[in-house]
Each structure stands twice: as structure tokens, then as C-alpha cells.
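Trainee: All I have is the shape, not the residue letters:
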């Protein structure tokens, strides 16, 4: 494995004319060094990685109109830390990919007080961050709405490819599309968020619809066009990832949230900063970590409900009956809170999704194959940017 330091030295020698490196070899050095930075060599104590190699792609990002539409369609998905000029991050927040936790984390990274990023200490659920108006200051695409569209596009491109000289890191986390779709089904479809046509999807999706019938509708109408609620739209169609992903300094894996979040924050501010942001200060007593503790533990004692969330032991969620996965999908007993629209269940939603996905793979591989085909572009990006993962690895 070519380490980051060796790649840096080799490239420096080549640029100085001390060694000859062909175009193909240079591309290999660039890609391997980037992989080492993003997924490999750990930073030394209190030392952030500072040498960044992009993939062997054009230095200047020029988004197609389709790509820009994918970016600008959801102005609240691009989060921007800007309070500390030495710690800059542009983060693509994909719904159903722990977006509640990442919004909370980035609010903390940008210096907000804990009433904004740790609502559990004030009797609320973690998802209350989505109702905190201060979060709007984090939405990069809403910073200056007076700019003309072509100017905003050029600014975004130069921020993403680094040519604006601002020193921003750019990051995103990807999730297996089958798992992500199951999560959207249990927390969005079965809670009635899409029960009316054109309210998140062009076709009405009643709460009682089976998972297989839900996939039938997606198969017929698609998951890539503008206007779909981002919780079910393909990840590759959010933040322009079909075109912007090669310019990301960090691509994280949803299945390694704690580990990869630490790497990402270390890249932004060093290992000590990562520990400060992730290891303590969370939960009702401000003594818990963010990703190392299940959300239901952090939320113990919360008195106010808010909205369906991505993971955690959420008592009373409308869920798939795992005993009938691959055949008929039915709703289990559900308890709706009298206030708010937050649902909960005695088991972790994330664990439930993983268990259900495994049963799907075993009992209805045809349905799994259909979902994989629907989200083929997502799987292609995952295979390229998360080494070792593929659709077959579900």
C-alpha cells in the first residue's frame, strides 16, 4: 500500500524532475494517496492531515445543468462551517444517512451553544435540531440569495474543486441503498408523509402500502428526477454527487459512523478537536459520545416528541413484520405519541433495517435485485469510493 507520506515524496520528486513518473503512474499515485488520506493512515496525535490529492479528474469542476439542478434543488443539504477560518468544512448531508447526527455535529463544530446541537439536555429529542432556526446559517446555498444563479454555480464549483483557495474540506457519507430505502419506508412512508400525491412523490403512497408495492411504484416512476423527497431520491442525485464526488476530500461509510466521523473531523481540525466534538458533551447529562452511544440512550428522559428519525430505539414505530419479509408486508402494533409525530420502538431502527435487509436477501432476492437496479448509480459510486463495499455485500 502506498502511504500518504511516500506518495507525497514521490510526487514531489517527480515535480522536481528527480524521478520520471508517467501519466498513468501519476494518476495511480494520486488515487492511492487520496485513498490513504480518506480511508487509511491515521493522523498523529493533534495533527490533521494537510496534504490532499483529488482523483485523476479535471482540476476545475464544471457542473452540467443537470448536475447543478441536483445541487440547487435542495438548498438545505450543503452544510458549511465558517465560524473558525482554520476549520472549514462543506458537508453534503444526505437524508437517512444519519443526517440528524451530522447536522448536530456540524452545529457544534461551528461553535453554537449546546442548546442548538444537544437538545436532549433540554428535554427534547435529538431530531429537534431540524426545527432549530439557527441551522439555516449553515446552509451554504442560502448564504446570499441576491446572487444570480450563474454566479452561485461558479462559486459552488470553485468551493468544491478547491480553486477558490479557501481551504475547505468537502465530505459526504454514503449508505447501502437497500438499507436506506427500508429506513425511508418505515419512518416516512408508514408514518403517512407521502400519503398525498405530489407531497414528496408524484404518486400517493398510503401508510398501509406494502414494501413490495412501494418498490413497484418506484420502479415505474423512478428515483432520480428533481422533485422527489430527498429521503428516497438516489444519493447520486443529491449534492450533484454524480459529478462532485470525485472532488470530495472525504467519503465516509454509514456502516462505520463512529470511525469515519472521527476521521472526517480529524481532517478538518485534528485529532484533539475530533475527540472534543465526538467523545463527550452529548446526551441529557452531557457525558455521552455522539456515535458511540445509541440515540435512544442519549434521548433518555426526553419529554417532547418531534419527528421520525434515522436510528435509535424508537418505541412505537410503524414497522415491517420481519417474519413476513419476502412475502406480504404488514404493519406491527404502533403507538403514536399524543403530541408531535415522533414514533418509537423497543428495538433499534437501524438494527431492524439490517435484520430486515438480510431476510430480504434470503427470502426475496428478486426484490433486492430490483432495488439495486433502481439505485444502480449509487452502488457504482459506493463501489468506487468505499473500497470493499458492493451491492453483493449488502
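Mentor: Happy to help now that I have it. Keep in mind that what you see is a predicted model, and the values were worked out from it rather than measured.
Trainee: Need the three-state assignment for the residue lying closest to residue 138 once chain neighbours are set aside.
Mentor: Nearest residue to residue 138, sequence neighbours excluded (CB to CB, 6 or more residues apart in numbering): residue 79, at 4.7 Å. Where you see a C-beta, it was placed from the backbone N, CA and C, and this is true even at glycine. With DSSP: H, G, I helix; E, B strand; the rest coil as the basis, residue 79 sits in strand.
Trainee: mind listing the helices for the stretch 151-300 of the chain?
Mentor: 177-184, 211-221, 241-244, 257-269, 271-278, 295-298 (DSSP state H, counting those that start in this stretch).
Trainee: quick one: which of these is nearest residue 234?
Mentor: For residue 234, the closest of the helices of the stretch 151-300 of the chain is helix 177-184, at 7.5 Å, according to CB to CB.
Trainee: Residues in contact with the closest one: which ones?
Mentor: Helix 177-184 is contacted by residues 95-97, 211, 215, 231-232, 234-235, 254, 310-311, 320, 349-350, 353-354, 356-357, 360, 368, 371-372, 374-375, 378-379, 394 when judged by CB atoms under 8 Å, 6 or more residues apart in numbering.
Trainee: Now, these that are in helices?
Mentor: In this view, these that belong to helices under DSSP state H are 211, 215, 349-350, 353-354, 356-357, 360, 368, 371-372, 374, 378-379.
Trainee: top of those residues by neighbour count?
Mentor: residue 353 (27 neighbours; other CB atoms under 10 Å).
Trainee: How confident is the prediction for residue 51, by pLDDT?
Mentor: The per-residue pLDDT reported for residue 51 equals 36.
Trainee: What of residue 333?
Mentor: pLDDT at residue 333 comes out at 29.
Trainee: Next: the one 10 residues further on.
Mentor: Listed pLDDT for residue 343 reads 29.
Trainee: what do you get for residue 323?
Mentor: Here the pLDDT value assigned to residue 323 is 34.
Trainee: Low-confidence ranges, the stretch 1-150 of the chain, go.
Mentor: 1-56 (pLDDT under 70).
Trainee: All the helices of it, in order from the start?
Mentor: According to DSSP H, counting those that start in this stretch, the helices that the stretch 1-150 of the chain contains are 4-16, 23-39, 65-72, 99-109, 114-117, 149-161.
Trainee: so the residue nearest to residue 138 bridges to which residues?
Mentor: residue 91, residue 139 (DSSP bridges).
Trainee: go on, residue 173?
Mentor: residue 252.
Trainee: tally of neighbours for it?
Mentor: Residue 173 has 26 neighbouring residues, counting by other CB under 10 Å.
Trainee: Go ahead and confirm it touches residue 255.
Mentor: No: taking contacts as CB atoms under 8 Å, residue 173 lies outside contact range of residue 255: 9.8 Å.
Trainee: buried residues in stretch 162-170?
Mentor: Neighbour counts using 16 or more other CB atoms under 10 Å place 162, 168, 169, 170 of stretch 162-170 among the buried residues.
Trainee: so how far is residue 260 from the nearest residue to the third one once chain neighbours are set aside?
Mentor: Just to be clear, that refers to residue 169. In space, and not counting its chain neighbours, residue 169 is closest to residue 249: 4.5 Å by CB to CB, 6+ apart. Separation of residue 249 from residue 260 (CB to CB, to the nearest Å): 13 Å.
Trainee: quick one: low-confidence ranges for the stretch 201-350 of the chain?
Mentor: Ranges of the stretch 201-350 of the chain meeting pLDDT under 70: 294, 296-297, 300-348.
Trainee: 80 - rerun?
Mentor: 292-350 (pLDDT under 80).
Trainee: Now for residue 66, how many residues are close by?
Mentor: By other CB under 10 Å, neighbour count at residue 66 equals 13.
Trainee: just the one 5 residues further on next, same as before
Mentor: Using other CB under 10 Å, the number of residues around residue 71 comes to 25.
Trainee: repeat for residue 113
Mentor: 10.
Trainee: Pipe the buried residues of stretch 162-170 into TSV and attach distance to residue 195 and pLDDT per row.
Mentor: As requested, the buried residues of stretch 162-170 are exported to TSV (distance: CB to CB, whole Å; pLDDT from 0 to 100):
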residue	distance to residue 195	pLDDT
162	44	92
168	40	92
169	40	94
170	36	96
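Trainee: how much space between residue 153 and residue 86?
Mentor: From residue 153 to residue 86 the distance is 27 Å (CB to CB).
Trainee: more neighbours, those two?
Mentor: residue 153 (18 against 10).
Trainee: didn't residue 116 look like it was pressed against residue 132?
Mentor: Yes: if you go by CB under 8 Å, residue 116 and residue 132 touch, sitting 5.4 Å apart.
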